[in-house]
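Colleague: The sequence and its predicted three-dimensional model are supplied below.
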Amino acid sequence: MALDKNGGVIKQLNFFEEEISTIDISTTADHILSLDNSNEKHIADIYLALVLGVRDYFAKLGFTKAVLGLSGGIDSALVSCIAAEALGKDNVLNVLLPSGYSSSHSIDDAVQLAKNLGTRYEIVSIETSYQSFLTTLEPHFKDLPFNIAEENLQARCRGVILMGFSNKFGYILLNTTNKSEAAVGYGTLYGDMCGGLSVLGDVYKTQVFALARYINREKEIIPINTITKPPSAELRPGQKDSDSLPDYDILDKVLHGYIEELKGPDILIQEGFDEALVRRVLKMVNMNEWKRFQAAPILRVSPKAFGMGRRMPIEGRYLS
């Protein structure tokens, strides 16, 4: 950018792309540039940053093709759109991995997205693999009730299949976990946390929705049902994210205050957030550092991304 003697911006080049411009410093600018600091511009910049990040990651490391698990949910839909923009539609493979708990509309939404983007897709059911694991473990699990162990088995079946595609065809697996989920540990190691690059690991869930609406600003690319339906991992009947997490509108504000703004629990409570919720959320963030320590590298689009942008001790008890 170029500034006048009073600090006003008189010229600014485009973000996230190479550009050359010549400025004559011997003349006085006729006007000060009006900068767009709206939330819409902010979301557009995040989108362009993520596209550039994926494109550079692949180009500079000599990779050309990407694979991802396309669930019919909004996170994987957004990653598929970003990948298609960054790498070209012919270089993205979407793998749909339904189980017995997957809803038909999720499969339909995923297929429709792939068709809208013009990207390839494969449908590989995990039900046979999942049932095989259950049979193997049944003598050891005995009559214990269905819980997170069975849920995580499904995620890990998907991870194994996606890594199989990656290894066989030389594709890089794109991780689709968002920052809200990564913050509170809402993900399965060696399952949905697999990947060579985390595209949304620095993007909160509320920003994911905003990015989806940005992509659909001119026409429907991401099926509207993907955006409007309640988020769910679909690992048990009727499951919704809200069963185990606060509403994302509230959760993301608490997380942003703690992670980006470095506010402790006392300050957050003073600002009006429920005390029990604050202490629960911050405890979840701290308890799950060990998961993030093993996660894929994250594209950074905020002042405090997990990983190199936020180095914390795994076993810290600094809020106890």
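Modeller: In hand now; what should we look at?

Colleague: Excluding chain neighbours, what is closest to Val208?
Modeller: Spatially, and ignoring its direct neighbours in sequence, Val208 is nearest to Asn178 (5.4 Å; Cβ to Cβ, 6 or more residues apart in numbering). Quick note: C-beta positions are derived from backbone N, CA and C, even for glycine.

Colleague: So that neighbour sits against Val203, correct?
Modeller: Yes: counting by Cβ atoms under 8 Å, Asn178 touches Val203, with 5.5 Å between them.

Colleague: where along the stretch 201-320 of the chain do the helices fall?
Modeller: In the stretch 201-320 of the chain, the helices defined using DSSP state H, counting those that start in this stretch lie at 205-215, 224-228, 248-259, 265-270, 275-287, 289-293.

Colleague: Just put those in JSON lines and tack on mean pLDDT.
Modeller: Shown next, in JSON lines, are the helices of the stretch 201-320 of the chain (pLDDT from 0 to 100):
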{"stretch": "helix 205-215", "mean pLDDT": "97"}
{"stretch": "helix 224-228", "mean pLDDT": "95"}
{"stretch": "helix 248-259", "mean pLDDT": "96"}
{"stretch": "helix 265-270", "mean pLDDT": "97"}
{"stretch": "helix 275-287", "mean pLDDT": "95"}
{"stretch": "helix 289-293", "mean pLDDT": "93"}
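
Colleague: would you list the ones you listed in TSV and tack on mean neighbour count?
Modeller: Putting the helices of the stretch 201-320 of the chain into TSV (neighbours: other Cβ atoms under 10 Å) gives the following:
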stretch	mean neighbour count
helix 205-215	20
helix 224-228	15
helix 248-259	20
helix 265-270	15
helix 275-287	17
helix 289-293	16
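
Colleague: distance of Glu151 from Tyr130?
Modeller: Noted for Glu151: a distance of 11 Å to Tyr130, by Cβ to Cβ, to the nearest Å.

Colleague: who are the neighbours in contact with Asn178?
Modeller: Shown in contact with Asn178 (Cβ atoms under 8 Å, 6 or more residues apart in numbering): Asp75, Leu200, Gly201, Val203, Tyr204, Lys205, Val208.
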